[in-house]
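J.: Predicted model follows, preceded by the sequence.
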Amino acid sequence: MAPILYWMRRDLRLGDNPALDWACAQGGPVIPVFLLDEVVERWGAAPKWRLGLGLEAIAAALEGAGSRLILRRGPALEALRALARETGAGTVVWNRLYTADERARDTAVKEALRGDGLEARSFQGHVLFEPWTVETGSGGFYKVFTPFWKNVRGRDPGATLAAPPDIPAPQTWPGSDALEGWHLGRAMRRGAEIVARHVHVGEAVAQARLDRFVAERLDDYAEARDRLPEDGTSGLSENLTHGEISARACWQAGQRALDEGRAGAETFLKELVWRDFAHHLAYHTPQLTSENWRAEWNGFPWQDDNPQAEAWRRGRTGVAAVDAGMREMYVTGRMHNRARMLTASYLTKHLMTHWRVGCDWFADCLIDWDPASNAMGWQWAAGSGPDASPFFRIFNPETQGEKFDPKGVYRRRWVAELADRPGEEALAFFDAIPRSWGLSAEDPYPSEPVVGLAEGRARALEAYSQRDAAE
């Protein structure tokens, strides 16, 4: 049989992998390949660096199954055509993705390969439910989360698929790039050494993480996920975005817990569906990741990048809860979910800076960056997105800090200047950030916020009222 090319993307796993499962079931050789293509080349520093770690892990897993991972760099269509010629492959398979640039690439590849006489198949592997399978009563797509959740909460996404015990290998393997030659961590510079202490890479690690969360943290999840000092979440966002575990595997674990009457299980399932909601909206409204989802926000007087936004970026706004969240991101590659809301609200409302400034910065700094979830989260916080937090609901990061970090543990943990004896994590911030910022733990913390909370709130509400009056 002619070999099958299995094109890996955000599915760096062997288990519950529909495209790989189908390819192996055909009985002929399967050649796994990852492409550093026109979409992946545009990823930011931290996501691309973390991708490299994931590729190392899946390459080792493939070796254990009698296979190997072929790496090629260049436009996807050109690379796949070249591999088909070199190997005599008659079929190319992959698991679907849903943002505008991913779909444009995949559609062009599928049409061109079929025009070449090859078979091209795509499978569901990144979301729980395909975007075209969840509809309102009138046949459209959902724009509000709660009815979306009610529609899918009783659905069964199906059983997970077992990892193939072995993957049929070709008689001759095509040539492969060396992963180290891609220099995926180049843009991370010295930050990579710091963030590396906090990553959890690979399919086995992701599954163990899920098991531990269900056993130890799930019951308190609904409340603990918002408490800033606590590690109260599953932590699986990093693994889900790279596909080291499937959303379906997480769903089935949560559903079993729900059936057992476990507290926190439904909240966990809702968070998985919130992720689906983001990808469904990216599919139905591709502008989600790049433009205001609500057109009425196009004339809102947000600023582009500015000195106040730079203070936000550097964790030097003088608002401790905001600065702590930003510094956590530089040290760990992730940020507490409550802190994400606070930092986004402060930038887009108090600092009146366009959500795209923050969205792009997160896309450069987060190891769990997901293009759909990141954009939807930012637009939710800004007020311009689907099911958004109303613009007039402006988080006060000081009162939020008191509510979710009442003893100041989180703020002192990450902002060294606030602690009498700063810990290793707080000090690591100064080792992770660019030297060009010139920051030191000896610097005094800002005595006043770059924009006062009352002042920023009043300015934002005035701009909002003028927008409404102009409509």
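T.: In hand now; what should we look at? Numbering: from 1, shown residues only.
J.: Give the buried residues for whichever strand or helix holds Leu461.
T.: Leu461 belongs to helix 453-470 when assigned by DSSP states H and E. Across helix 453-470, burial judged by 16 or more other Cβ atoms under 10 Å covers 453, 456-457, 459-460, 463-464. (Each C-beta comes from the backbone N, C-alpha and C, glycine too.)
J.: ok, so of the residues you listed, who is nearest Tyr283?
T.: Tyr464 (29.8 Å; Cβ to Cβ).
J.: Leaving out the residues flanking it, which one is nearest to that closest one?
T.: Excluding the flanking residues, the one nearest Tyr464 by Cβ to Cβ, 6 or more residues apart in numbering is Phe391, at 5.0 Å.
J.: Ser234 now?
T.: Leaving aside its sequence neighbours, Ser234 sits nearest to Phe213 (Cβ to Cβ, 6+ apart; 4.2 Å).
J.: My reading is that that neighbour lies in a helix. Confirm?
T.: Yes. Counting by DSSP: H, G, I helix; E, B strand; the rest coil, Phe213 is part of a helix.
J.: That one touches Gly235, doesn't it?
T.: Yes. The pair Phe213 / Gly235 is scored as a contact, 7.2 Å apart, by Cβ atoms under 8 Å.
J.: wait, isn't Lys270 in contact with Lys150?
T.: No. Taking contacts as Cβ under 8 Å, Lys270 lies outside contact range of Lys150: 10.7 Å.
J.: So for those two, which residue has more residues nearby?
T.: Lys270 (17 against 11; other Cβ atoms under 10 Å).
J.: The more buried one: which element?
T.: Per DSSP H and E: Lys270 is located in helix 265-284.
J.: Would you mind checking the average pLDDT for that helix?
T.: Here helix 265-284 scores 97 as its mean pLDDT.
J.: other SSEs contacting it?
T.: The elements that helix 265-284 packs onto, with contact taken as 3 or more Cβ pairs under 8 Å, 6 or more residues apart in numbering; DSSP states H and E, are helix 145-152, helix 221-224, helix 247-259, helix 371-382.
J.: closest to Asp106 out of these?
T.: Nearest to Asp106 among the helices and strands packed on helix 265-284 is helix 371-382 (14.1 Å), distances taken as Cβ to Cβ.
J.: what are the C-alpha coordinates of that closest one, in PDB please?
T.: Taking Å, rounded to 0.1, in the frame of the first residue of the first chain, the C-alpha atoms of helix 371-382 are listed here in PDB:
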ATOM      1  CA  PRO A 371      -5.600  32.000  19.100                       C
ATOM      2  CA  ALA A 372      -9.400  31.600  19.500                       C
ATOM      3  CA  SER A 373      -9.500  31.600  23.300                       C
ATOM      4  CA  ASN A 374      -7.000  34.400  23.600                       C
ATOM      5  CA  ALA A 375      -8.900  36.700  21.200                       C
ATOM      6  CA  MET A 376     -12.300  35.900  22.700                       C
ATOM      7  CA  GLY A 377     -11.000  36.500  26.200                       C
ATOM      8  CA  TRP A 378      -9.600  39.900  25.300                       C
ATOM      9  CA  GLN A 379     -12.700  40.900  23.500                       C
ATOM     10  CA  TRP A 380     -14.800  39.700  26.400                       C
ATOM     11  CA  ALA A 381     -12.800  41.900  28.800                       C
ATOM     12  CA  ALA A 382     -12.800  44.900  26.500                       C
END
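J.: and it, how far out from the chain's middle?
T.: Here helix 371-382 is found 11 Å from its chain centre; the criterion is Cα atoms, centre = their mean, to the nearest Å.
J.: and what of stretch 316-332?
T.: Chain-centre distance of stretch 316-332: 19 Å, with Cα atoms, centre = their mean.
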